[in-house]
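Participant: generate coordinates for the sequence data below:
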Amino acid sequence: MLGEDLTSSAATVWKMNTILKYMMIFIVTCFVGVIVFYQTSIQSGTNVAFMETPSLKQCMQKSKNSKTLKFRENHGCLEILANSDICQDGLLVPKLVHYIFLGKTNFSFFFLLSVLSSYRILKPGFIFVHTDTTIEGKWWDHLLDLVPNIVIIETDKVTQVFDRPVAIVQHQADVMRIQILLKFGGIYMDSDELALKSFDPLRIYPITMGHCRADALGVQVIIASKHSKFLKIWYLTYKTFTDKSWANNSQYMPYKLSLILPELIHKERMGSFAGFRGGVTDFFTKTKDWSKSYGLHLYIRLQKVQTSSPEHIKTLKSTYGEIARFIYYREKKIIS
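Facilitator: Here you go, the predicted structure:
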């Protein structure tokens, strides 16, 4: 009987040890798999809700052969980047620039100049490019060689706001730029807006916008803290949004609000961001003083000149020519 009990006990111990052995193998295999998945997800931009918060160093790891960081729009790394010391320097508005590209995009040299001007003149920690498409083309490829801190954010375009349909792409971008600034804060730039001098003097205000008309504020540049009360109130006015009304919510509404709540917004004069006195085509045909302006909106869709290049701007005698050389070649004078 004693021998049988010992044999039975030994068999039980052997079974338990075998079970524990395979359990340990399973646990180790799962742990290694999770670590590999986690590292891959950080690089690919996959959301990993069940993992601990990644570090800034992990978030800044680029995928192999990639010149940019890339994440889905709700990835946790985006707020880590935006809230890091790279973007936060003590001013109300972070050193973070945003662009939006929706639908098929013909990425032109004008767009390259815009992003390059943001990088060289505004000196942001990161440039967030929010897009629902894959941006391609020779000028995009060239831009990636010139600007190392671009972050691609794969997003879905807005199709409704407060249950109201938004079908026109320009209106979709109008809504998205407010939503983006409410989430991250920073500087929104239109893709054909050229930065001419530092916006730092304006980053001390909760929000800054410039006049595009006497009775309207332009949205080609918005400099805002994510805590801006004006921005939050403005967004709530989209509860009455309709696609049929062009620029009502985006330009006329913030101007009306600025009259009611002047203490919540800093407004810049007409020529600060939108352009100069005269027609919008004057940028390409005349030379005007731009030393007092923060930026220039090219209004590309209204121009006869639809293409440009590094060679084209070398000898161009116009405001655009001077500014383009200043941004691209760091030289305003004609290059022979």
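
Participant: residue boundaries of the helices in the protein?
Facilitator: 2-44, 56-59, 76-82, 109-117, 138-146, 169-184, 229-236, 253-260, 282-285, 310-313, 319-328 (DSSP state H).

Participant: which strands or helices does the second one pack on?
Facilitator: This points to helix 56-59. Using 3 or more Cβ pairs under 8 Å, 6 or more residues apart in numbering; DSSP states H and E, the elements in contact with helix 56-59 are helix 2-44, helix 76-82. Every residue, glycine included, has its C-beta placed from N, CA and C.

Participant: could you list the buried residues of that helix?
Facilitator: Residues residue 59 are the ones in helix 56-59 that count as buried (16 or more other Cβ atoms under 10 Å).

Participant: and it, how far out from the chain's middle?
Facilitator: 18 Å (Cα atoms, centre = their mean, to the nearest Å).

Participant: average pLDDT for it?
Facilitator: The pLDDT scores in helix 56-59 average 96.

Participant: ok, the nearest residue to residue 79 once chain neighbours are set aside - contacts?
Facilitator: The shortest distance from residue 79 to any non-neighbouring residue, by Cβ to Cβ, 6 or more residues apart in numbering, is to residue 184 (7.3 Å). Counting by Cβ atoms under 8 Å, 6 or more residues apart in numbering, residue 184 makes contact with 78-79, 82, 94, 96, 98, 128, 226.

Participant: 7 Å - rerun?
Facilitator: 82, 96, 226 (Cβ atoms under 7 Å, 6 or more residues apart in numbering).

Participant: pull the number of nearby residues for the last one.
Facilitator: Translated: residue 226. Neighbour count of residue 226, defined by other Cβ atoms under 10 Å: 20.

Participant: any idea how this protein splits into domains?
Facilitator: 68-268, 282-328 (automatic domain parsing).

Participant: pipe those into a markdown table and attach mean pLDDT per row.
Facilitator: A markdown table is the format used below for the domains of the chain (pLDDT from 0 to 100):
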| stretch | mean pLDDT |
| --- | --- |
| domain 68-268 | 97 |
| domain 282-328 | 92 |
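
Participant: do I have it right that residue 305 meets residue 284?
Facilitator: Yes. Residue 305 lies in contact with residue 284 (Cβ atoms under 7 Å); the separation is 5.0 Å.
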